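[1] Sequence and predicted structure are below.
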Amino acid sequence: MVRKATLLTVILMTFLVGCTAATQTEVAETATSTEAPALSTQPQLTILPTLTIQERVTLTPGTGGALTIEEHPLTQREDIDVVWAEYEDAEWTEPQSVPHRVTIGDDVYSFKEEHILLNTDPDGMTEYQVDVRLYKNDELFMTITLGDNGPLPAVWGFVATEDSWYLEINRGERIDRGDGSIEATNLGDIIKNGESLNELEGYQQSFGFHILSGKPFYFFIRDDALGYSYDGVEYPLDYDRISNHACCSSGLANPHGLEDRMVFFANRGDQRYLVIVGDF
């Protein structure tokens, strides 16, 4: 009986020692492991604040004659239709038309467009020349040849102040690349009392003319840099591109002028903005 009890005790002690050793080994392996934790394969999403376009705003007050700039960054999913839906009650979303007659004192100025067919190639492609004829009291006094504008309007604005008239036009040109393809270019220009602002001021383009708070306003590009002119003074704009002179659905992003502000769409790098510049 003593031998059986002793043998049973030895077996029981051996079993307990084995369990303890196994437990210690597991803890040691866990504590000394150098393997990096497995990384999740799920994409890491950046959660943006749930703000509306109108709530996402940076305001730069105008000083020294410059206008105030209100900037709203847009996400990649917020195209022109999304913006229009949020601002559907805003005045600047209403359709705008170009008047054909303006008055300065007792004089009435008007214009007419004439499309002249220049060429039809064997493939049926046609090339037109657009002439804009200007009249003072129904008498022709000037003709501006604009080239081929394709589907774009030739005249984008016709405005008069107390002593000047302004005609915003789009100059079209077809460039033969020599490889069988044709590149169509369109450049905005503003004619003031018969003279091109592009030529007078050395602009590559000028567009978006508007009487803002009673003073002339327009955008320009000079030396590949954007800016705006207000009341005869030029100011820089920190954007790479401003949408303008586009047709069809893209035309919704063209600049829209109101009594005291101009609304437009611009890009700085890959970032798209809805921008309001004005006297407010």
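    The structure has been received and is ready for your questions.

[2] Give me the most central residue, the chain.
    Ala266 (2.9 Å; CA atoms, centre = their mean).

[3] which residues touch that residue?
    237, 239-243, 272-273, 275 (CB atoms under 8 Å, 6 or more residues apart in numbering). Glycine gets a C-beta too; all of them are placed from N, C-alpha and C.

[4] Are any of the residues you listed buried, and if so which?
    Listed as buried from these are 237, 239, 242-243, 272-273, 275; burial here means 16 or more other CB atoms under 10 Å.

[5] CSV please, covering the residues you listed and showing pLDDT.
    Putting those into CSV (pLDDT from 0 to 100) gives the following:
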residue, pLDDT
Leu237, 98
Tyr239, 98
Ile242, 98
Ser243, 96
Arg272, 97
Tyr273, 97
Val275, 98
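
[6] Closest one to Trp92 out of those residues, please.
    Nearest to Trp92 among these: Val275, at 11.7 Å, using CB to CB.

[7] Show me the beta-bridge partners of the closest one.
    Using DSSP bridges, the bridge partners assigned to Val275 are Glu71, Phe264.

[8] Same list (the contacts of Ala266) but as a markdown table, adding distance to Phe207 and secondary structure.
    What follows is these, written out as a markdown table (distance: CB to CB, whole Å; DSSP: H, G, I helix; E, B strand; the rest coil):
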| residue | distance to Phe207 | secondary structure |
| --- | --- | --- |
| Leu237 | 13 | coil |
| Tyr239 | 14 | coil |
| Asp240 | 16 | coil |
| Arg241 | 12 | strand |
| Ile242 | 8 | strand |
| Ser243 | 10 | coil |
| Arg272 | 19 | strand |
| Tyr273 | 18 | strand |
| Val275 | 15 | strand |
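
[9] quick one, strands of the stretch 1-150 of the chain?
    58-60, 68-74, 101-104, 107-120, 126-136, 139-145 (DSSP state E, counting those that start in this stretch).

[10] Once you drop chain neighbours, what's closest to the residue nearest to the centre of the chain?
    Excluding its sequence neighbours, the residue lying closest to Ala266 (CB to CB, 6 or more residues apart in numbering) is Tyr239, at 4.0 Å.

[11] Verify the contact between the one you found and Leu226 for me.
    Yes: taking CB atoms under 8 Å as the definition, Tyr239 is a contact partner of Leu226 at 5.4 Å.

[12] Just give the closest residue to Gly147, not the sequence neighbours.
    Closest to Gly147 by CB to CB, 6+ apart is Gly172, at 4.4 Å.

[13] list the helices and strands whichever strand or helix holds Tyr166 packs on?
    Per DSSP states H and E: Tyr166 is located in strand 165-176. Under the contact criterion of 3 or more CB pairs under 8 Å, 6 or more residues apart in numbering; DSSP states H and E, strand 165-176 touches strand 126-136, strand 155-160, strand 182-192, strand 205-212.

[14] Can you tell me the strand partners of it and which way each runs?
    Short version: by DSSP bridges, strand 165-176 pairs with strand 155-160 (antiparallel), strand 182-192 (antiparallel).

[15] Which one of the ones you listed lies nearest to Arg77?
    Once the strands paired with strand 165-176 are compared by CB to CB, strand 182-192 is nearest, at 28.6 Å.
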